[in-house]
Each structure stands twice: as C-alpha cells, then as structure tokens.
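Undergrad: Model the following, please.
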Amino acid sequence: MSALVWLGCALRSALYLVFLIVTVVPWAVVVLLASIVWRGPRLYWVAVQWLRASIWGARVICGVRAQVQGLEHVPTAQDARSAVLLAPKHQSTWETFFFPTLMPHPLAYVFKRELLRIPFFGWAMGRLDMVHIDRSRRTEAWNRVAEQGRRLFAEGVWVIMFPEGTRIPRGEQGSYKTGASRLAATTGVPIVPIAVASARCWPRKSFLLRPGVIPVSIGRPIPSAGRDPEELMREVEAWIEAEMRRLDPEAYPASTPEARRP
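TA: Next comes the predicted model:
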C-alpha cells in the first residue's frame, strides 16, 4: 500500500470512527428509553437500525462492501420455529455488526460480560436479550449458555457463537472450541457454519479500513442431534477453514494448488 493510498484510508477510517461515535450515543439512549416499555424482538430490531447505519457507513465512507452467498441455507422470516445456531469465522468487528442486519431472525450473541462496560454501546447491549458470560468461571458460564440457549431457541431467537472465541488474524486458524457444538447437541439445533474474510478490509485490532469486498459464505445446516460435540465441531471447523481458503486464497498461499506443486 503506497503512502498516498494509506493516507486516504486513514482519513476515511477516522471519519468512520467519528461517525460511529456520534451516532452510537443517541442510538443507545433510544434503546435504553425504549427498553422501559419494550423488550424482546421489538427492542432488538430497534437496536439493529444502528448496526445497519454502521454497515452503511463502512460502505459509503470506507468503500467496504459485502458479497453474500448461501443465505438460502438459513430459515426464512416466515419459519418462526426453525431455530439454528450460527457459527462464523471471526476476524474483525465488521461481522459482529453485519450478521444482525443480514439474518431474518433476531440473534443472541454469546459474549464476555466485560463488553457491557463500554459506555453507551455496552449499556444498550445490556438491555437486549443476549448471553453475557464470565469466562473465568467456565462451569457457570456453560450452565448459563445452556439455560439461556434453550429458552432463546424456543422463542425463535437464534444464538450466534464464534467457535474460535476471539478475532483471528487474516490467514490464520484459531483453536475451535466445543461450546457451540455442545449447545447444539444439547438442544438438537443444527449448526450453520459461516466463512467470512472480513480481515481483507478491516484487520484485527486495527481501525484502518481498506476499501474492497468482504466475501461471506453460509454453509448448509449441519444436524446436531445425537452427535458428539467434539466430532461435530471438527466438521464445522473443516468446512469453515476449507471455505476460507477458497474465499481468500491470497491469505493462505501454502494452501493453494500452485504452492503445493513441486
């Protein structure tokens, strides 16, 4: 990246950051006030409007666009009782903003409770029906995920869990944990694996957005009933990582056919 291009990206990224800060404050206030009388899906869709604005801002200000394939693999908005557990690749903040704007059903993220301390953004999240856990207390955290997951699925809310647990640098593979597959196997809800190469435009631990297309690929639901959680997660991992190499071959040069030739 040349110095001039880098400077342009930096200026647009700074403008986008200002856009997020300026808009999140009134949005959070609206959510907090609305939560006095509204809860559940109605409040969720109010909150999603800021995420839509955030994705719009990333596209208009920074030139970051999405290209989605496989959306037909998830139930439609009319399938109120068809629950799934979404298990996406996690590379940046972008997908946490994007998935609620894409999916036809309300989503409940499983996330570390420290995020609730973020001014305005975290306060608003605390009023939504999400699953916030204390990672230092694993047994307690799992019990909360299992209990809340059953209830949410029964209410038509989908749970979304990042199997790697944290954002992973572009071209790398994290450790896939079995929390999502345990919840799926316990409740009998299928897992939908999702590959997303967001670090192409919004790298991990960076606020320098680069213009381009973020490919998102949604896999077919994987049945979970009667499955061993470890085996189930290995299937999810295999699909996601193979798809990541197809979506972003430049990030995985050792995995391309050319690189394997003698």
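Undergrad: Wasn't Ile214 part of a strand?
TA: Yes - per DSSP: H, G, I helix; E, B strand; the rest coil, Ile214 lies within a strand segment.
Undergrad: close enough to count as contact, it and Val68?
TA: No - the pair Ile214 and Val68 fails to qualify as a contact (C-beta atoms under 8 Å) at a distance of 9.2 Å. For every residue, glycine as well, the C-beta is placed using N, CA and C.
Undergrad: okay, the two: which has more neighbours?
TA: Remark: of Ile214 and Val68, Ile214 carries more neighbours, 24 against 14, as counted by other C-beta atoms under 10 Å.
Undergrad: give me every residue that touches Leu115.
TA: Residues counted as contacts of Leu115 (C-beta atoms under 8 Å, 6 or more residues apart in numbering) are 121-122, 125, 132.
Undergrad: okay, those in JSON lines with distance to Glu243 and pLDDT next?
TA: Formatted as JSON lines, the contacts of Leu115 follow (distance: C-beta to C-beta, whole Å; pLDDT from 0 to 100):
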{"residue": "Phe121", "distance to Glu243": "30", "pLDDT": "90"}
{"residue": "Gly122", "distance to Glu243": "32", "pLDDT": "89"}
{"residue": "Met125", "distance to Glu243": "29", "pLDDT": "89"}
{"residue": "His132", "distance to Glu243": "29", "pLDDT": "83"}
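Undergrad: taking those residues one by one, which sit in helices?
TA: Mapping these onto helices (DSSP state H) picks out 121-122, 125.
Undergrad: Closest one to Thr76 out of those, please.
TA: Met125 (26.5 Å; C-beta to C-beta).
Undergrad: Next one: the closest one from Asp79, what distance?
TA: Met125 sits 27 Å away from Asp79, going by C-beta to C-beta, to the nearest Å.
Undergrad: Likewise for Phe111?
TA: From Phe111 to Asp79 the distance is 26 Å (C-beta to C-beta).
Undergrad: Kindly report the same for Pro106.
TA: Plainly put, Pro106 is 13 Å away from Asp79 if you go by C-beta to C-beta.
Undergrad: center of this structure - which residue?
TA: Thr96 (3.9 Å; C-alpha atoms, centre = their mean).
Undergrad: ok, now which ones touch that residue?
TA: Tyr109.
Undergrad: Before we go further, Leu86 is sitting in a strand, right?
TA: Yes - under three-state DSSP, Leu86 falls within a strand.
Undergrad: what are the bridge partners for it, then?
TA: Ile160, Val192 (DSSP bridges).
Undergrad: Just give me the neighbour total for it.
TA: Around Leu86 there are 22 residues (other C-beta under 10 Å).
Undergrad: The one 4 residues further on too?
TA: The burial metric for His90, expressed as a neighbour count using other C-beta under 10 Å, is 22.
Undergrad: Check Val110 too.
TA: Val110 has 22 neighbours, counted by other C-beta under 10 Å.
Undergrad: Outside of the strand or helix carrying Phe111 itself, which residues are in contact with it?
TA: Here Phe111 sits within strand 107-112, counting by DSSP states H and E. Contacts to strand 107-112, defined as C-beta under 8 Å, 6+ apart, come from residues 86, 96, 99-100, 125, 128-135, 145, 148, 152, 157-161, 179.
Undergrad: try 6 Å this time
TA: Here strand 107-112 makes contact (C-beta atoms under 6 Å, 6 or more residues apart in numbering) with 100, 129-132, 135, 145, 152, 157-161.
Undergrad: go on, stretch 231-243?
TA: 87, 89, 173, 176, 178, 181, 191, 193, 195, 217, 219, 222, 224.
Undergrad: In it, which residues are buried?
TA: Across stretch 231-243, burial judged by 16 or more other C-beta atoms under 10 Å covers 232-233, 236-237, 239-241, 243.
Undergrad: cool, stretch 162-177 as well?
TA: Applying 16+ other C-beta under 10 Å to stretch 162-177 flags 162-165, 167-168, 170-171, 174, 176 as buried.
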